[in-house]
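Undergrad: kindly return the folded structure for what I paste below:
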Amino acid sequence: MKKLTRYLQKQALQYSDEKYSSAAYLSPRRNHEPQEKLKHHLKTTSSDNNNHLRPKMPPNRKPSNRGAAIPSRISSNIQRVQYASENILQSYELFIPPPPASESDSAIPPPYSEKHPSTPSFPIKRLWIIFIHGGYFRDPSILASSFHATLSLLTDPNSPDQQILALQRHTAGYVSINYRLAPHEAHPQDPTTTPSYEMRNARWPEILGDVLNALRHFQAKHPSTRPGGDEGYVLVGHSVGATLAMNALLHMQNQEGIAPPVGIVGVSGIYDFIRLHETFPGYDAMTRNAVDEEDWEGISVARKRRGEIEAAWAAAGGEGGGKENKRWLLLAHSKEDTLVDWGQLEAMANVFKMDSSKDGPAAVTVKCDVEEIKGKHNACWEDGRELARVIERCVGEIVGV
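TA: Coordinates of the predicted model:
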């Protein structure tokens, strides 16, 4: 009986694993963040207004071709790693590219060396790129696989972009994190028939805890990314993935086994939920679906002081002299984005532009830059081009400055 029970459990877990694998979610249909269809009004709307619900795809509608051309060198070499066992979504995708053909890893290849020919090498030899997806904490169609198009571009050995080829010589590997999701009214689940490890009923701070646990698990497997090692990582987040990246940084100082990133790339990010709801009142109910209202200000990183962020970055570990005390924050956004307004980027950038205060000599110095990208909210990861470009820029800054 025990053997039969174990066999059935194994079969169920395997079924769920295949159901939530990247291939299953790389379908050729068009994914949107759940607020895509929301009608934005500056007047207060009722919390039971259903205008924001994403309609189901009509049966006669032809799917788009997005996501259908991921090369086999990507899809066949992604490893799915479970960092916790409570839920099938507590996993991350790991991709380690083959080593570069000829260039020495220790040398700074062009164009970085051309930009800064007299600048010595950064203490860290190679970087990992770790991505956190968006989906407003709840969209089951936007998972770790949303990074595949970008990954394909960044790892193309025949890329015509010399900066991409330079990035490849300084990249150790790529990680894309899944985390437990909040409920979604357009994708209901019956708790009486859905296995507990497939339920999407997470809330903040459980969702943030998943990201921190994924980083802890990854660094335990790759200790060279911890202080004293010769590798570091850049944390990249899209939409609420950027929210999670910045909040993860602020909580690392209280976590064992997690070293901070060398840089953070926030793309189309949400950094001030109070401001977001003032601009788009209809988002209130969606945010409340995952985050209690009393926590909205606390998770709004744009309401922190610069010194507080820099002190948290230093307290998390890895502080030292010279370049080792410098961190990079690249904020990217599109003025064509109708779901998250440009004001979110401005609010976050102003923390570093307007506030020059420090919380003491141990605080690191954050170099904050702004990059305008093109396209709608999800366009940057749907085709991968703009997301790849801003990642390349951040890595270039870290390696070459």
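Undergrad: K125: neighbour count?
TA: Neighbour count of K125, defined by other CB atoms under 10 Å: 16. For the C-beta atoms, the positions are set from N, CA and C on the backbone; glycine is no exception.
Undergrad: do the same with G343
TA: 16.
Undergrad: can you check the one 3 residues further on too?
TA: If you count neighbours by other CB under 10 Å, E346 ends up with 17.
Undergrad: from the centroid of this protein, which residue is nearest?
TA: Ranked by distance to the mean C-alpha position of the chain (CA atoms, centre = their mean), the top residue is I132 at 2.0 Å.
Undergrad: tell me the SS of the residue lying closest to that one once chain neighbours are set aside?
TA: Nearest residue to I132 in three dimensions, chain neighbours excluded: G241, at 3.6 Å (CB to CB, 6 or more residues apart in numbering). For G241, the assignment made with DSSP: H, G, I helix; E, B strand; the rest coil gives helix.
Undergrad: do I264 as well
TA: Per three-state DSSP, I264 ends up strand.
Undergrad: you'd agree it is up against W328?
TA: Yes: with contact defined as CB atoms under 8 Å, I264 reaches W328; the gap is 7.4 Å.
Undergrad: okay, the two: which has more neighbours?
TA: For I264 and W328, the more surrounded residue by other CB under 10 Å is I264, and the numbers stand at 26 against 20.
Undergrad: and the more buried one, what does it touch?
TA: Counting by CB atoms under 8 Å, 6 or more residues apart in numbering, I264 touches 234-237, 245-246, 249, 327-330.
Undergrad: do that again at 7 Å, thanks
TA: For I264, the contact set (CB atoms under 7 Å, 6 or more residues apart in numbering) comprises 235, 245-246, 249, 329.
Undergrad: go on, P223?
TA: Contacts of P223 (CB under 7 Å, 6+ apart): G229.
Undergrad: residue ranges with poor pLDDT in the stretch 51-200 of the chain?
TA: 51-69, 100-123 (pLDDT under 70).
Undergrad: what comes up buried for stretch 77-93?
TA: Across stretch 77-93, burial judged by 16 or more other CB atoms under 10 Å covers 78, 81, 83, 87-93.
Undergrad: run through the helices of the stretch 251-400 of the chain in chain order.
TA: Along the stretch 251-400 of the chain, the segments classed as helices by DSSP state H, counting those that start in this stretch run 273-279, 284-290, 306-315, 343-354, 379-382, 385-400.
Undergrad: how about residues contacting the shortest one?
TA: It refers to helix 379-382. 66, 146-147, 149-150, 238, 267-268, 373, 386-387.
Undergrad: quick one: that helix to chain centroid distance?
TA: 13 Å (CA atoms, centre = their mean, to the nearest Å).
Undergrad: quick check: mean pLDDT of it?
TA: The average pLDDT for helix 379-382 rounds to 97.
Undergrad: related to what we said a few turns ago, make a markdown table out of the contacts of helix 379-382 and add distance to H217.
TA: Below are these laid out as a markdown table (distance: CB to CB, whole Å):
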| residue | distance to H217 |
| --- | --- |
| R66 | 30 |
| S146 | 21 |
| F147 | 18 |
| A149 | 25 |
| T150 | 22 |
| H238 | 21 |
| V267 | 24 |
| S268 | 27 |
| I373 | 31 |
| E386 | 29 |
| L387 | 24 |
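Undergrad: who wins on neighbours among those residues?
TA: Most surrounded of the contacts of helix 379-382: other CB under 10 Å gives S268, at 32 neighbours.
Undergrad: wait, doesn't that residue sit right on H377?
TA: Yes: counting by CB atoms under 7 Å, S268 does reach H377; the two are 5.6 Å apart.
Undergrad: intersection of neighbour lists for the two?
TA: Common contacts of S268 and H377 (CB under 7 Å, 6+ apart): 337, 340.
Undergrad: next, the buried residues of stretch 172-190.
TA: Neighbour-count burial for stretch 172-190 flags 172-184 (criterion: 16+ other CB under 10 Å).
Undergrad: ok, stretch 221-237 next?
TA: Using 16+ other CB under 10 Å as the test for burial, stretch 221-237 gives 222, 225-226, 231-237.
Undergrad: any idea which of the helices of the stretch 251-400 of the chain gets closest to A259?
TA: helix 306-315 (10.9 Å; CB to CB).
Undergrad: and that closest one, what's its mean pLDDT?
TA: On average, the pLDDT along helix 306-315 is 90.
Undergrad: before we move on, back to that, hey, least reliable of the helices of the stretch 251-400 of the chain by pLDDT?
TA: With a mean of 90, helix 306-315 has the lowest mean pLDDT of these.
Undergrad: and it, what does it pack onto?
TA: Counting contacts by 3 or more CB pairs under 7 Å, 6 or more residues apart in numbering; DSSP states H and E, helix 306-315 is packed against helix 240-252, strand 365-373.
Undergrad: can I get these in a markdown table with mean pLDDT?
TA: Below are the helices and strands packed on helix 306-315 laid out as a markdown table (pLDDT from 0 to 100):
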| stretch | mean pLDDT |
| --- | --- |
| helix 240-252 | 97 |
| strand 365-373 | 95 |
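Undergrad: list just the nearest of the buried residues of stretch 172-190 to P191.
TA: Closest to P191, out of all of the buried residues of stretch 172-190 and judged by CB to CB, is P183, at 10.5 Å.
Undergrad: how about the helices in the stretch 51-200 of the chain?
TA: For the stretch 51-200 of the chain, the helices defined by DSSP H, counting those that start in this stretch cover 72-75, 112-115, 148-154, 162-168.
Undergrad: out of these, which gets nearest to R200?
TA: Between R200 and those, the tightest spacing by CB to CB is seen for helix 148-154, at 21.5 Å.
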